[in-house]
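Participant: Generate a structure from the sequence data that follows.
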Amino acid sequence: MLVKDKVAIVTGGGRGLGKAIALTLAQEGADVAVFDISQATVAETAKEITKMGRKALAVRTDVSKSADVEKSVQKVLDAWGRIDILVNNAALVPKTLNANLETWNPFLEMSDEEWAKQIGVNLSGVFYGMRAASQPMIAQGSGRIITIGSIVGINGGLFVTPSYSAAKAGLIGMTKLAARWLGKYGISVNVVNPGPVETEGAIYGKDQLDAYARVIPLKRQNVPTVLGLPQDMANAVLFLASDLSSYITGACINVSGGQVMG
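Facilitator: Predicted structure coming up:
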C-alpha cells in the first residue's frame, strides 16, 4: 500500500474526480477526510471508504470561506491528530461546454458576481486549504500538498470562462511559490493538470468532442473515449502523495493525453 496509515484530506470529494481520488487513497491505505459543500455526497463517499476498512470523516465545507476551511481542518486534527496529504480538488466548473464558439464572447458575458464566485472557489479556496493544512504539516516536519489544476491554466483553454483559466493559471504560480517556502519543512507541493475528463456532470457537445479528438494525440485501446477518466487523475495524485515522488516538488504533471493546445 502506497499511503498506508496516512491521513488525507480531499476537497470536493463528494463526486467526480474528488471521489475517485478519495477512494483511491483509501484503497492504498489512507484514512480520508472528505470535504464537500454537499452533505449528501460527502456522506456517501465517506460511507464507501469505511466499507474498505479505512477511517473516514464527512465534513461539509465551503472552501470559498476561510473560516469554514479552518474549522474543517481542525476537525481532522481533533479526530486523527495529523494531516499528511491535502488534495485541493474542489472547483466550480463553468457551464460552457456547449457554447456556440461563433457567437459566444466570455469576456462580455461574464458578470462581476460570476467572476468573484469562481475565483472564490477555484483560487482562494486552494489558498485557504494550503494555509490551514500547512501549519500542522510544518509542525510534524512532513506533508504532501497536491492541487488539481487544469491544462487551461497553461494554454488558456477554449471552452471555459476567463475566471476559470485565470484561477487555474494562478494555482500553478501559487504552487511554485509554496514549494519554495515549504520545502525546508519536508513538504512537497505539486499540481496535477487534467485535460478534458469524462465525468458526471460534464456534457460535451459533438463539436467539442471532435475538437478534442484532433488535439489529443494519445489514443488508448480498450478505452472508449479520447477523454481522460477520473481514475487517470487519481493515479497521478496517488503517485504524488506517496514516497515514489519524494524528490518532486513545484512540478506540474499534465494528465491530458498529450494535449497541449485547445
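Participant: so where's the stretch 51-200 of the chain uncertain?
Facilitator: Where the stretch 51-200 of the chain drops to pLDDT under 70, the residues are 95-102, 104.
Participant: all helices of it, in order?
Facilitator: According to DSSP state H, counting those that start in this stretch, the stretch 51-200 of the chain carries its helices in the segments 66-80, 106-109, 112-119, 125-140, 152-155, 162-182.
Participant: Pipe the ones you listed into a markdown table and attach distance to Ser242 and mean neighbour count per row.
Facilitator: From N, CA and C alone the C-beta is placed, and that goes for glycine too. Formatted as a markdown table, the helices of the stretch 51-200 of the chain follow (distance: least, C-beta to C-beta, whole Å; neighbours: other C-beta atoms under 10 Å):
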| stretch | distance to Ser242 | mean neighbour count |
| --- | --- | --- |
| helix 66-80 | 19 | 16 |
| helix 106-109 | 38 | 11 |
| helix 112-119 | 31 | 14 |
| helix 125-140 | 16 | 20 |
| helix 152-155 | 24 | 20 |
| helix 162-182 | 17 | 19 |
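Participant: Output the ones you listed in a markdown table, with distance to Pro224 appended to each entry.
Facilitator: As requested, the helices of the stretch 51-200 of the chain are arranged in a markdown table below (distance: least, C-beta to C-beta, whole Å):
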| stretch | distance to Pro224 |
| --- | --- |
| helix 66-80 | 37 |
| helix 106-109 | 31 |
| helix 112-119 | 31 |
| helix 125-140 | 32 |
| helix 152-155 | 24 |
| helix 162-182 | 27 |
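Participant: Looking at the ones you listed, spot the one closest to Glu48.
Facilitator: Among the helices of the stretch 51-200 of the chain, helix 66-80 comes nearest to Glu48, with 18.4 Å by C-beta to C-beta.
Participant: what distance separates the closest one from the centre of its chain?
Facilitator: Here helix 66-80 is found 19 Å from its chain centre; the criterion is C-alpha atoms, centre = their mean, to the nearest Å.
Participant: now stretch 40-54
Facilitator: On the basis of C-alpha atoms, centre = their mean, stretch 40-54 is displaced by 19 Å from the centre of the chain it belongs to.
Participant: Mind listing what's buried along that stretch?
Facilitator: 41-46, 49, 54 (16 or more other C-beta atoms under 10 Å).
Participant: Inside strands: which ones of these?
Facilitator: The strands, defined by DSSP state E, take in nothing from the buried residues of stretch 40-54.
Participant: Could you export those residues as TSV, including distance to Ser64?
Facilitator: Formatted as TSV, the buried residues of stretch 40-54 follow (distance: C-beta to C-beta, whole Å):
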residue	distance to Ser64
Thr41	17
Val42	16
Ala43	21
Glu44	22
Thr45	20
Ala46	22
Ile49	25
Arg54	28
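Participant: Nearest to Asn193, out of the residues you listed: which one, please.
Facilitator: Looking across the buried residues of stretch 40-54 and measuring by C-beta to C-beta, the closest to Asn193 is Thr45, at 23.3 Å.
Participant: just checking, the closest one touches Thr11?
Facilitator: No: between Thr45 and Thr11 there is no contact under C-beta atoms under 8 Å: 11.8 Å.
Participant: overlap in contacts of the two?
Facilitator: Contact criterion C-beta atoms under 8 Å, 6 or more residues apart in numbering; residues shared by Thr45 and Thr11: 18, 36.
Participant: Any chance you could list what contacts stretch 195-211?
Facilitator: Stretch 195-211 has contacts (C-beta under 8 Å, 6+ apart) with 15-17, 93, 97-98, 101, 151, 158-159, 212, 216, 225-230, 232-233, 254-257, 259, 262.
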